[in-house]
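In: Provide a 3D model corresponding to the input given below.
(2 chains, ligands or ions: 2)
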Amino acid sequence: MTLPAKETGQVATPPPIAMLAELTHRCPLACPYCSNPLELARANEELSTSEWIETFRQAAALGVLHLHLSGGEPASRRDLIDLTKAAVSLGLYTNLITSGIGLTEARVDKLSAAGLDHVQLSIQGTRAPSADHVSGCDGGHARKLSVAGWLRDAGIPLTLNAVCHRRNMGEIEDIISLAIELGARRVEIATVQFHGWAMLNQKALMPTMDQVAKATSIVETMRARLEGVLVIDYVPADYYATYPKACMGGWGRAGFNVTPSGRVLPCHAAETIKHLAFDNVRARPLGEIWYNGGAFNAFRGDGWMPEPCRSCERKDIDFGGCRCQAMALAGDASATDPVCRKSPHRKAVDRRIIDDTEVNDTEVRDIEVSDIETPRPPFRYRGNGTLRS
Amino acid sequence: MIPNTAMPEIDGGTVVHLARGVRLREDMVRNQTVLLAPERAIALDEIAVAIIKEIDGHRNLDRIADDLSRRFEAPKEQILQDIIPFIREFINRRTMEIVG
Ligand code: SF4
Ligand code: SF4
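Out: Ligands and ions are numbered 1, 2, ... in the order given. Predicted structure coming up:
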């Protein structure tokens, strides 16, 4: 969609389309690839109900159309229904991104009555023992299936979401059929991104070349077969790609995240770039943060780009890739994303793939042959945040 | 099990409605009308807005094309031929559903 742009300095910045509200970092699950930072925000630092609502109001005025209520687990917030009502009344398209844990049938009905537009329910796999092992939450998978049933009864449109990695890549077909069974209109299968917690677990999570190739072909076949039944959105492993993804649709172009304590980030992992300073909604209006904030302007346009990006014909397609990945793998946030074949750091990515997949190859075969006795890799689980309310 | 499906035929007799979770909105900031769906905001031109506003889950595409042909002073058959692929794309994306 083409949008009118607003002049800020030399760079024309469009208004943001999406806001992701990390309502809390608390979560009953402990996924070893959680996108929350290693240092989780404490419950007493979280924005209050009225602070969140004021942030939604500013976001709507700024041009945000989609609001994603996320976390941690957003259902850990006792005011989730009130926040949803407020967002809907501001005209925001309101999507709840949840693990399902913490939702009850009564709460689902209240969310529906509040006008919630859509739910994105995450699963960790299709088999309870291995899925629960990944989430670190016994009984979690069964509970999610109940939640999906309540959502269907309430009529709230559902997307089933699964992060895929070496442990569950063989289940893609099962994930797709589970999505249909649960009445989802859409399934989102996203390969794990190696930031934060996932990086600590990279050896256990890195998919193999063979798995990636199979997954891609299954997705293509299923897409054709399920036209009009299920929309399949698939994010392939960027480590195996030729060019990087346009992270967040480009830094500071399409949307932003707000952390539980009110910090406004161009992407969820942005805090790993230590030299950036992030504004807080408690201190500065959102519009000013979006258009004039230092962190947002740091990687807008192409002035910051080094070669080979600057003279590359793809720079308006992928914007040089992910800044946080450049930080993590090249030690420089303004480097070309190291997964790009043109990056001088690409060799380091290839070495990681070899190191992380060779060791466990036999283990991978075991999983695919017999999924009854799943080997249990030693995950480093994320913390649960502080006390649940 | 994963079903083997064939896209249903879409023709003048088809009746559709917008799926729940899909709605039109006036976007004051960008001065346009957008169709909001999960993970998507689609900017619509005047014709697209007119078509979507006609879709009510009761009248079939033939009747909608008929009404639009009067409004836009264009041949009905041509409008119908334009509407069908438009609707098919929305059904593919599960943003519209066939009624009945
Ligand atoms: S631990 Fe898992 S369910 Fe909880 S926020 Fe992180 S990824 Fe989501
Ligand atoms: S060189 Fe830069 S702009 Fe070109 S494809 Fe690689 S990351 Fe993208």
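
In: And the helices in the stretch 51-200 of chain A?
Out: For the stretch 51-200 of chain A, the helices defined by DSSP state H, counting those that start in this stretch occupy A:80-89, A:105-114, A:128-135, A:140-154, A:172-181, A:196-200.

In: In chain B, what residue lies closest to ligand 2?
Out: residue B:39 (23.2 Å; Cβ to the nearest ligand atom). All C-beta spots, glycine's among them, are computed from the backbone N, C-alpha and C.

In: I'd say that residue and residue A:66 touch.
Out: Yes. Contact criterion Cβ atoms under 8 Å: residue B:39 and residue A:66 qualify, at 7.4 Å.

In: Please identify which of those two sits among more neighbours.
Out: Neighbour count, other Cβ atoms under 10 Å in any protein chain shown: between residue B:39 and residue A:66, residue A:66 has more, with 24 against 17.

In: Any idea how many residues pack against the residue lying closest to that one once chain neighbours are set aside?
Out: Leaving aside its sequence neighbours, residue A:66 sits nearest to residue A:18 (Cβ to Cβ, 6 or more residues apart in numbering or on different chains; 4.4 Å). Residues lying near residue A:18 (other Cβ under 10 Å) number 21.

In: same question, residue A:93
Out: Using other Cβ under 10 Å, the number of residues around residue A:93 comes to 25.

In: quick one: the closest residue to it other than its chain neighbours from ligand 1, how far?
Out: Leaving aside its sequence neighbours, residue A:93 sits nearest to residue B:36 (Cβ to Cβ, 6+ apart; 4.3 Å). Residue B:36 sits 24 Å away from ligand 1, going by Cβ to the nearest ligand atom, to the nearest Å.

In: Kindly report the same for residue A:30.
Out: 5 Å.

In: one step back: the residue of chain B closest to ligand 2: what's it in contact with?
Out: A:66, A:95, A:159, A:186, A:233 (Cβ atoms under 8 Å, 6 or more residues apart in numbering or on different chains).

In: now the helix or strand hosting the residue nearest to residue A:93: mean pLDDT?
Out: If you go by DSSP states H and E, residue B:36 is part of strand B:32-37. For strand B:32-37, mean pLDDT is 95.

In: helices or strands up against that strand?
Out: strand B:23-27, strand B:40-44, helix B:46-54 (3 or more Cβ pairs under 8 Å, 6 or more residues apart in numbering or on different chains; DSSP states H and E).

In: most tightly surrounded among these?
Out: strand B:40-44 (a mean of 17; mean count of other Cβ atoms under 10 Å in any protein chain shown).

In: okay, the angle between it and strand B:32-37?
Out: 150 degrees (axes from the mean of the first three to the mean of the last three Cα atoms, to 10 degrees).

In: name the helices or strands packed onto strand B:40-44?
Out: Using 3+ Cβ pairs under 8 Å, 6+ apart: strand B:40-44 touches strand B:32-37.

In: so what strands line up beside the strand it packs on?
Out: In the sheet, strand B:32-37 lines up against strand B:23-27 (antiparallel), strand B:40-44 (antiparallel) (DSSP bridges).

In: Same list, those, but as JSON lines with distance to residue A:57 please.
Out: Formatted as JSON lines, the strands paired with strand B:32-37 follow (distance: least, Cβ to Cβ, whole Å):
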{"stretch": "strand B:23-27", "distance to residue A:57": "16"}
{"stretch": "strand B:40-44", "distance to residue A:57": "19"}
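
In: Could you tell me the least trusted of these?
Out: Minimum mean pLDDT among those: strand B:40-44, a mean of 91.

In: helix/strand/coil for residue A:251?
Out: Secondary structure state of residue A:251, per DSSP: H, G, I helix; E, B strand; the rest coil, is coil.

In: Run through the residues that contact it.
Out: By Cβ under 8 Å, 6+ apart, the contact set of residue A:251 is A:266-267, A:296, A:298-300, A:319, A:323.

In: tell me the phi and psi of it?
Out: With angles defined as degrees, to the nearest 10, residue A:251 sits at phi -60, psi 120.

In: if we can go back for a sec, what angle sits between the strand holding residue B:36 and helix B:46-54?
Out: In terms of direction (the same axes, to 10 degrees), strand B:32-37 departs from helix B:46-54 by 50 degrees.

In: what comes up buried for strand B:32-37?
Out: Within strand B:32-37, the residues scored as buried using 16 or more other Cβ atoms under 10 Å in any protein chain shown are B:32-37.

In: Ok, stretch A:122-133 next?
Out: By neighbour count on 16+ other Cβ under 10 Å, the buried set for stretch A:122-133 is A:122-128, A:130-133.

In: For the residue nearest to residue A:93, give its distance to residue A:338.
Out: From residue B:36 across to residue A:338, the span is 36 Å (Cβ to Cβ, to the nearest Å).

In: hmm, back to that, among the contacts of residue B:39, name the ones in strands.
Out: If you go by DSSP state E, these have A:66, A:95, A:159, A:186, A:233 in strands.

In: what about the closest residue to residue A:308 other than its chain neighbours, neighbour count?
Out: Sequence neighbours aside, residue A:342 is the residue nearest to residue A:308 in space, at 4.4 Å (criterion: Cβ to Cβ, 6+ apart). Counted with other Cβ under 10 Å, residues neighbouring residue A:342 total 14.

In: ok so, going back, between the strands paired with strand B:32-37, which one is nearest to residue B:94?
Out: Closest to residue B:94 of these, according to Cβ to Cβ: strand B:40-44, at 11.0 Å.

In: send the alpha carbons of the closest one over as PDB?
Out: Provided in PDB are the C-alpha atoms of strand B:40-44 (Å, rounded to 0.1, in the frame of the first residue of the first chain):
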ATOM      1  CA  ARG B  40      -3.200  -7.000   6.400                       C
ATOM      2  CA  ALA B  41      -4.400  -3.500   5.600                       C
ATOM      3  CA  ILE B  42      -5.400  -3.200   2.000                       C
ATOM      4  CA  ALA B  43      -5.800   0.300   0.600                       C
ATOM      5  CA  LEU B  44      -8.800   0.300  -1.700                       C
END
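
In: Please enumerate residues in contact with it?
Out: Surrounding strand B:40-44, the residues in contact under the criterion Cβ under 8 Å, 6+ apart are A:1-3, A:17, A:65-66, A:93, B:24, B:30, B:32-35, B:52, B:93, B:95.

In: Enumerate the residues of the stretch 251-389 of chain A near ligand 1.
Out: Contacts of the stretch 251-389 of chain A with ligand 1, taken as Cβ under 6 Å from any ligand atom, map to residue A:382.

In: Correct me if wrong: the residue nearest to residue A:308 contacts residue A:312.
Out: Yes. In terms of Cβ under 8 Å, residue A:342 counts as a neighbour of residue A:312; the distance is 6.9 Å.

In: Between these two, which contacts overlap?
Out: With Cβ under 8 Å, 6+ apart, residue A:342 and residue A:312 have no common neighbours.

In: before we move on, the earlier item: residues in contact with the residue nearest to residue A:93?
Out: Here residue B:36 is in contact with A:65-66, A:93, A:117, B:22-25 (Cβ under 8 Å, 6+ apart).

In: so how far is residue B:25 from it?
Out: From residue B:36 over to residue B:25 (counting by Cβ to Cβ), the distance is 6 Å.

In: who touches both of these two?
Out: By the contact definition Cβ under 8 Å, 6+ apart, residue B:36 and residue B:25 are jointly contacted by A:65, A:93.

In: Give the burial count for the residue of the stretch 151-300 of chain A found nearest ligand 1, as a bare number.
Out: Residue of the stretch 151-300 of chain A nearest ligand 1, by Cβ to the nearest ligand atom: residue A:163 (7.3 Å). Residues near residue A:163, counting by other Cβ under 10 Å, number 23.
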